[in-house]
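>>> coordinates only, sequence not included:
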């Protein structure tokens, strides 16, 4: 009985690892793809277009249309789309929190 249980657990772990590996195999979505990388200037907060110093991204700009909000309605950041179509999500202080690859938008 213990052997069967151990085999069942091992097979579930292998299946889980295989599913996760298949998900991350898409290079277009990967942070290793330069198009999505923080090393790409288009994705960097050093780029003025993405900077929190840019009034378009400022939490003080009440007309900004790129704000990102939590479930309580508090602004937690902003999003900026690159020329290649990647949407970057930044915190209010300009730290990149994530991205949406170009092919998923």
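Noted; the coordinates are in hand. These figures come from a predicted structure and were not determined experimentally.
>>> contacts, neighbours, all on C-alpha from now
Noted.
>>> which residues in the chain form strands?
Under the criterion DSSP state E, strands of the chain are mapped to 67-69, 75-81, 87-91, 96-100.
>>> if you skip the residues just before and after it, what's nearest to residue 40?
residue 34 (6.2 Å; Cα to Cα, 6 or more residues apart in numbering).
>>> any idea of the pLDDT on residue 28?
Residue 28 is assigned 86 on the pLDDT scale.
>>> what is the neighbour count of it?
By the criterion of other Cα atoms under 10 Å, residue 28 has 16 neighbours.
>>> now residue 87
Residues within reach of residue 87, counting by other Cα under 10 Å, total 20.
>>> tally of neighbours for the closest residue in space to it that isn't next to it in sequence?
The shortest distance from residue 87 to any non-neighbouring residue, by Cα to Cα, 6+ apart, is to residue 81 (4.2 Å). Around residue 81 there are 18 other residues, counting by other Cα under 10 Å.
>>> which stretches of the chain have low pLDDT?
1-13, 15-25, 104-105 (pLDDT under 70).
>>> for residue 89, which non-adjacent residue is spatially closest?
Closest residue in space to residue 89, ignoring its immediate chain neighbours: residue 79 at 4.4 Å, by Cα to Cα, 6+ apart.
>>> so which residues of this structure form helices?
Applying DSSP state H to the chain gives helices spanning 2-23.
>>> residues in contact with residue 69?
Residue 69 makes contacts with 75, 76, 77, as judged by Cα atoms under 8 Å, 6 or more residues apart in numbering.
>>> if you rank those residues by neighbours, which is first?
Within those, most neighbours by other Cα under 10 Å means residue 77, with 23 neighbours.
>>> winner for burial among the strands of the chain?
Mean neighbour count, computed with mean count of other Cα atoms under 10 Å, is highest for strand 87-91 among those, reaching a mean of 22.
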